[in-house]
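coordinates for the following, if possible.
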Amino acid sequence: MVLTIMHIQNFGFYIITGCLLLIIIIAALMWFFNKNRRYEFEYNKGIESYQKGNYDLALSFFAKATFVNPEKLDAFYNLGLTYMALNRIDEAEKNFKKALDINNNDPDIYHNLGLLYYSVKQYDKAYLQFKKLSELKIDDHEATYLVGLCQMELEDIDEAIESFNKAVKIKISSENAVYYLALAHAYDKRFDLSGTFEDLKIAGDFYTKTIEVDPKNEEACYKLAICCAKQGLWDDCVKYCKKVIEINDQSINAYNQMGLAMYCSGDFDTAVSMYKKVIAINPQYSDVYTNYGYVLEKQGNFQEAIKMFKKFLELNPNADGTEMIKDHIIELENSINIKNKI
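Numbering: from 1, shown residues only. Take a look at the predicted model:
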């Protein structure tokens, strides 16, 4: 076969074209790998800054990473977390949603978007995120628990109880203290709505289970004391108030509740000592002054009782029942005047 000038020219054309294509491919690969390197650099710097608590700097790095490669969700997700840490709710929501646009099956995004909504009391929106999370992670006890928390806030108490029970069945361990406590709260709240003492009894049982799993759970001990008080079980109320004080000897709630239990049991002197303890710890705790006032009144010390009631009004002028307290002060003053005339 004889090569012609045309053959040589065509061959040269193919070589040049091939070289150009090779150069373009190499350039594209270099650009691609350089883009990934730039993204990784900015992203890793963002992570490093976030872990150190330098949130403003982290925002800058994550934002650069999203600019370098807007198709990667990690930078948008971490932008959301950083804005969330700064309590910049709108920006956090915006970036979590951008991450979902890239991958709407990522459970971590739904988890944190739900927490974001929950933190600002948008419980209906939080519920939708946690519900989606529980669908993606069917046997995840935490997802089920979070759904229950939202149902509680939305007053769907029966559904919340069902969710918490499911969480308990999924996770049989020491972590159940959290779920037992949630169940106790749910039954306690249902009692407040229904007045059915069976709900209150079940609430008490779950507070007790919480304490069995976590003996130093201050909240469970205090709530169980309140639960006993609602049933008029004053000795048990005192017992659990004492447990709270063993855990935290600065618990004004426990001292105040124990004072109320002693008052209802007729032990006025011990009640007074409890209320004095509350005031010593926190003189701005307004509720103690009405309780203290009623005890002093029972002891016949009307002048001091009036001082306590007035202190309550000073600290909490817009509280419910202030008119009743004012009327009661007038009654006591009239009683003092009548007694002085005699």
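
now do the helices in the stretch 201-342 of the chain.
Per DSSP state H, counting those that start in this stretch, the stretch 201-342 of the chain carries helices over the ranges 218-230, 234-247, 252-265, 268-281, 287-298, 302-315, 322-341.

got those as a markdown table, with mean neighbour count columns?
Where C-beta positions appear, they are placed from N, C-alpha and C, glycine not excepted. As requested, the helices of the stretch 201-342 of the chain are exported to a markdown table (neighbours: other CB atoms under 10 Å):
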| stretch | mean neighbour count |
| --- | --- |
| helix 218-230 | 22 |
| helix 234-247 | 19 |
| helix 252-265 | 22 |
| helix 268-281 | 18 |
| helix 287-298 | 22 |
| helix 302-315 | 17 |
| helix 322-341 | 12 |
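
make TSV out of those and add distance to Gln51 and mean pLDDT.
TSV is the format used below for these (distance: least, CB to CB, whole Å; pLDDT from 0 to 100):
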stretch	distance to Gln51	mean pLDDT
helix 218-230	31	96
helix 234-247	33	96
helix 252-265	36	96
helix 268-281	37	96
helix 287-298	42	94
helix 302-315	43	94
helix 322-341	50	87
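
could you dump those to a markdown table with distance to Met152?
Formatted as a markdown table, these follow (distance: least, CB to CB, whole Å):
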| stretch | distance to Met152 |
| --- | --- |
| helix 218-230 | 14 |
| helix 234-247 | 23 |
| helix 252-265 | 21 |
| helix 268-281 | 29 |
| helix 287-298 | 24 |
| helix 302-315 | 30 |
| helix 322-341 | 30 |
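
so which of those is nearest Ala75?
With distances scored as CB to CB, the stretch of those nearest to Ala75 is helix 218-230 (38.4 Å).

helices or strands up against that closest one?
helix 176-194, helix 197-213, helix 234-247, helix 252-265 (3 or more CB pairs under 8 Å, 6 or more residues apart in numbering; DSSP states H and E).

indicate which one of those helices is closest to Ser49.
Across these, closest to Ser49 is helix 176-194 (CB to CB), at 31.9 Å.

and that closest one with helix 197-213, angle?
Relative orientation of helix 176-194 and helix 197-213, computed by axes from the mean of the first three to the mean of the last three CA atoms, to 10 degrees: 160 degrees.

now helix 176-194: mean pLDDT?
For helix 176-194, the mean per-residue pLDDT is 92.

flag every buried residue along it.
Residues of helix 176-194 classed as buried under the neighbour-count rule (16 or more other CB atoms under 10 Å) are 176-191.

still on that earlier bit, okay if I get the helices and strands packed on helix 218-230 as TSV plus distance to Leu79?
Below are the helices and strands packed on helix 218-230 laid out as TSV (distance: least, CB to CB, whole Å):
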stretch	distance to Leu79
helix 176-194	30
helix 197-213	38
helix 234-247	40
helix 252-265	40
